[in-house]
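Enquirer: Here is the input, now give the coordinates:
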Amino acid sequence: MAAISTELSSQEEAFIEALERRLEGRNSVELEVIDGIEEEFSRIYDSTYPVATLRGRLADLQRSLESTRERLRLLQRERHRGIIEEIESLEAQLAAEIERQHELELQRNQLLERWSAAALVRVLQNARQTEAPSVNDARQAIMQCRRGCTFDEIWGLVEDFLQKRIRQRLMEDMLASLQSLMETEGGSSSTSTQPQST
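Expert: Predicted structure coming up:
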């Protein structure tokens, strides 16, 4: 646009100068040049003036459209304020329900984990109780076989006793670990569910 303005200014000056020369009575060649300049200036002016005018009209229409849209938004907000407030209230309730659901799912998962651990503890306790007589029997067999048994027989009884005692010890260690873990999680969960004092 700046280039067009500059071109118009230079053409306008040339046109004015050409008119002055025509008034001074130049020859026909100069008059032809002047006519060419006039024609070029008229062509440029005719081609740019409608564009500039249309651009201004478009800018006015754009401003009018934005103003109308803003008035429409204000009108709709005033007209539907009650609906908007109800929607916002429902959104807040939905967010609270989602948060509550998340807390319930977390509590459920914790209960499932504790139940699984408790079930495993019961299984290990039963297995330990079942294994205890077998360990005692293996120990008694060694005591009774100290006399009158060969070395290989004694060694076989010792291996059997060691295997059963090791299995029993592993069960006891697992039980101790699980019970300690359950006590820790139970304490932390009960602490987290207690209301905080203000």
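
Enquirer: Can you point out the buried residues in stretch 133-142?
Expert: By neighbour count, and taking 16 or more other CB atoms under 10 Å as the criterion, the buried residues in stretch 133-142 are 135, 138, 141. For glycine as for every other residue, the C-beta is placed from the backbone atoms N, C-alpha and C.

Enquirer: for the helix or strand where R128 lies, packing partners?
Expert: Secondary structure here is read from DSSP states H and E; on that basis R128 sits in helix 81-144. For helix 81-144, the helices and strands in contact under the criterion 3 or more CB pairs under 8 Å, 6 or more residues apart in numbering; DSSP states H and E are helix 151-193.

Enquirer: Quick one: mean pLDDT over the helix it packs on.
Expert: Helix 151-193 comes out with an average pLDDT of 76.

Enquirer: Dump the buried residues of stretch 133-142 to CSV, plus pLDDT and distance to R69.
Expert: Listed next are the buried residues of stretch 133-142 as CSV, based on pLDDT from 0 to 100; distance: CB to CB, whole Å:
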residue, pLDDT, distance to R69
V135, 82, 87
A138, 82, 91
A141, 83, 97
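
Enquirer: one step back: the helix holding R128 to helix 151-193, inter-axis angle?
Expert: Between the direction of helix 81-144 and that of helix 151-193, the angle (axes from the mean of the first three to the mean of the last three CA atoms, to 10 degrees) works out to 160 degrees.

Enquirer: Return the residues in contact with L181.
Expert: For L181, the contacting residues are A117, taking CB atoms under 8 Å, 6 or more residues apart in numbering as the criterion.
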